[in-house]
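Asker: Pasting the sequence and the predicted coordinates here, then a few questions.
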Amino acid sequence: MSFVLPHSTEFDVHALAEEFEDSSLDEVLAWCWSEFGTQAAIGTSFQGSGLVIIDHCVRQGLPMPIFTVDTGLMFPETLQLKSDLEEFFNIEIESLHPEQSVEEQGKTMGEELWRSRPDTCCAMRKVFPLQRKLAKLDVWITGMRRQQSDTRKATKIIELYKFDEQREEYLYKLNPMANWSREAVWEHIRENEIPYNPLHDRGYGSIGCWPCTKPINEGQDERAGRWEGFEKTECGIHTFLGQNI
């Protein structure tokens, strides 16, 4: 479960965040493995930066656990990519699932909940399964990058959050590619012939559930195609933790 820090953090997170700005991706991942081992895990939705993190871990021989949230509303291309990556890297990627199937949710919450209450749908199908997983970890490794959207510009390479107020449990969030550009991500993917979602070649910048994801126009933020018609830019998995410490 998430670890307990009664009085102070084990690491000076702010100092580490500054230090990691000048560290390579390999150095940050190696530090994380050395300190936390399998209590650190990569959470990925198979965006470009997640693929780069997995590739660097495999190349360094760091057997980081990897997981993804399968909402039941993923594009067929995304599901196929998961299988392709497992074969390409010779790894296993754990799939997390919501408590209710899409059909069950339709019966209890109303059909196509994503059209009427997208925040509720995201919470049920993404946030809650992720919370159950993170409760077992010390470090959550993500592919968040500052360039992705305005809401992510302040992302630090390492952050600390209070995961459970009542039990005083904390969680490190490691965003080792926060300072990477989209161009650098895709240069690495293409140079190393890593399988990626073919929807990116059809104009999709950020790929989530099929009902809530559209292609973007040139010059838009990568996440501009998510939740069209709503004032919503995040599904909640990167915001439910609140303010980092």
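Answerer: Perfect, thanks for sending it. Residues are numbered from 1 along each chain as shown.
Asker: what about stretch 132-150, average pLDDT?
Answerer: For stretch 132-150, the mean per-residue pLDDT is 91.
Asker: now do stretch 41-56
Answerer: Stretch 41-56 shows a mean pLDDT of 96.
Asker: now do stretch 179-194
Answerer: For stretch 179-194, the mean pLDDT works out to 96.
Asker: same question, stretch 154-170
Answerer: Stretch 154-170 carries an average pLDDT of 81.
Asker: mind listing what's buried in that stretch?
Answerer: Counting neighbours by 16 or more other Cβ atoms under 10 Å, one finds that the buried residues in stretch 154-170 are 155, 156, 157, 158, 159, 160, 161, 162, 163, 169, 170. No exception for glycine: its C-beta is placed from N, CA and C like everyone else's.
Asker: As TSV, those with secondary structure and distance to residue 22 would be great.
Answerer: Formatted as TSV, those follow (DSSP: H, G, I helix; E, B strand; the rest coil; distance: Cβ to Cβ, whole Å):
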residue	secondary structure	distance to residue 22
155	coil	16
156	coil	14
157	coil	10
158	strand	13
159	strand	18
160	strand	20
161	strand	24
162	strand	28
163	strand	28
169	strand	31
170	strand	25
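Asker: and the nearest residue to residue 178 once chain neighbours are set aside, what is it in contact with?
Answerer: Leaving out its chain neighbours, the residue that sits closest to residue 178 by Cβ to Cβ, 6 or more residues apart in numbering is residue 155, at 4.5 Å. Neighbouring residues of residue 155 by Cβ atoms under 8 Å, 6 or more residues apart in numbering: 144, 145, 146, 175, 178.
Asker: How much space separates residue 155 from residue 19?
Answerer: Look at residue 155 and residue 19: by Cβ to Cβ, to the nearest Å, they are 16 Å apart.
Asker: cool, residue 207 as well?
Answerer: Applying Cβ to Cβ, the value for residue 207 to residue 19 is 32 Å.
Asker: same check, this time on residue 112
Answerer: Counting by Cβ to Cβ, the separation of residue 112 from residue 19 is 47 Å.
Asker: Equivalent analysis for residue 81, please.
Answerer: 34 Å.
Asker: more crowded one of those two?
Answerer: Counted by other Cβ atoms under 10 Å, residue 81 and residue 19 do not tie: residue 81 has more neighbours, with 22 against 15.
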